[in-house]
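> Coordinates only, no sequence provided:
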DNA sequence: TTAATTTAAGTTGTGCGCAATTAAGTTGCT
DNA sequence: AGCAACTTAATTGCGCACAACTTAAATTAA
């Protein structure tokens, strides 16, 4: 079961990773016109989602949620601050920490954003059960890849 | 079946797209140490794979295979050329076309690259049938998203 | 209580992705 | 032939991702 011709391993159309990579790019392109109305990129939208849920977070906690580090997040957060959506304060007990919170404009954007997931669901042309199953497989793979194994 | 609380749509851990995005990033990170030996990025590896399979291709055909355009590919191909892996010739019947082909060094790299898919399979800690099923779902979603629907 | 270590965030540099534009070559039409 | 329409690449500019490094603050250890 599941046997493959070893000679074919380097063929693009056999590789899961390439499908994953392509569909992730395609997803980003599909979001773009929807998020243009909010003047957000996909990652900015993701960060806003975290803040809508948790209200306040420092850079490290945020990085844990979105699987990214300060190298990516710091400039992104500066852009969100420049747009007037968030505040980047310093922790008073620990001066190293940046505490990110939403402005009123940032909070209000949530209402606009609530239409995005439905629009994407429609673009996917798949039903919720199929998407849930796909998500579950992705989450398992993500977990396996993140347990930096030696092999 | 498959009913969800509408209030939860904007929660990160409910969103397939975020899983897809995260696993695609994680995949890139997992490839990095393997491809470092070949001095290739993931996309460069993908392009080399296409050339190992088809020997010769112009930018447009290549873009069709990898779902990317000249804005991404032209600088990448220049870097592969600088590494001595490919040749970027002009079409003789049509001067607009760039014909990409492999140098001997580029052809020889295939032997080294053949170990990469197995190493990634091992990192995934999933079996081939699971990965095949996941790939199939991704391919369907990719197709749906690429049929730029209006909805 | 200094000194060493650790931690949080920021900085720098490279390489994508992609929209928008440009340049140059080809085709079609009359 | 002449010119508009189209096609192929290349270019420009922005925003990620990420490795490697730096800075500054906090913690620990001696």
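Thanks, I have the structure now. Because the structure is predicted, anything quoted here is derived from the model rather than measured. Residues are numbered from 1 along each chain as shown, chains lettered A, B, ... in the order given.
> Regarding chain A, what is its longest helix?
helix A:16-36 (DSSP state H).
> list the helices and strands that one packs on?
Applying 3 or more CB pairs under 8 Å, 6 or more residues apart in numbering or on different chains; DSSP states H and E, one finds that helix A:16-36 makes contact with helix A:42-54, helix A:116-124, helix B:16-36, helix B:42-54, helix B:128-146. Bear in mind the C-beta positions are built from the backbone N, C-alpha and C, glycine included.
> ok, now with 6 Å
Counting contacts by 3 or more CB pairs under 6 Å, 6 or more residues apart in numbering or on different chains; DSSP states H and E, helix A:16-36 packs against helix A:42-54, helix A:116-124, helix B:16-36, helix B:128-146.
> can you redo those helices as TSV with mean pLDDT?
Conversion of the helices and strands packed on helix A:16-36 to TSV gives the following (pLDDT from 0 to 100):
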stretch	mean pLDDT
helix A:42-54	98
helix A:116-124	95
helix B:16-36	97
helix B:128-146	95
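> Kindly reformat the ones you listed as JSON lines containing mean neighbour count and distance to DNA strand C.
As requested, those are exported to JSON lines (neighbours: other CB atoms under 10 Å in any protein chain shown; distance: least, CB to the nearest atom of the strand, whole Å):
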{"stretch": "helix A:42-54", "mean neighbour count": "19", "distance to DNA strand C": "10"}
{"stretch": "helix A:116-124", "mean neighbour count": "18", "distance to DNA strand C": "14"}
{"stretch": "helix B:16-36", "mean neighbour count": "20", "distance to DNA strand C": "7"}
{"stretch": "helix B:128-146", "mean neighbour count": "17", "distance to DNA strand C": "10"}
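> Indicate which one of those is closest to residue A:12.
helix B:128-146 (11.7 Å; CB to CB).
> what's that closest one in contact with?
Residues outside helix B:128-146 that contact it (CB atoms under 6 Å, 6 or more residues apart in numbering or on different chains): A:2, A:16, A:19, A:20, A:22, A:23, A:26, A:30, A:124, A:125, A:134, A:137.
> Repeat that for stretch A:62-70.
Contacts to stretch A:62-70, defined as CB under 6 Å, 6+ apart, come from residues A:46, A:50, A:59, A:73, B:22.
> Now do it, average pLDDT.
Stretch A:62-70 carries an average pLDDT of 97.
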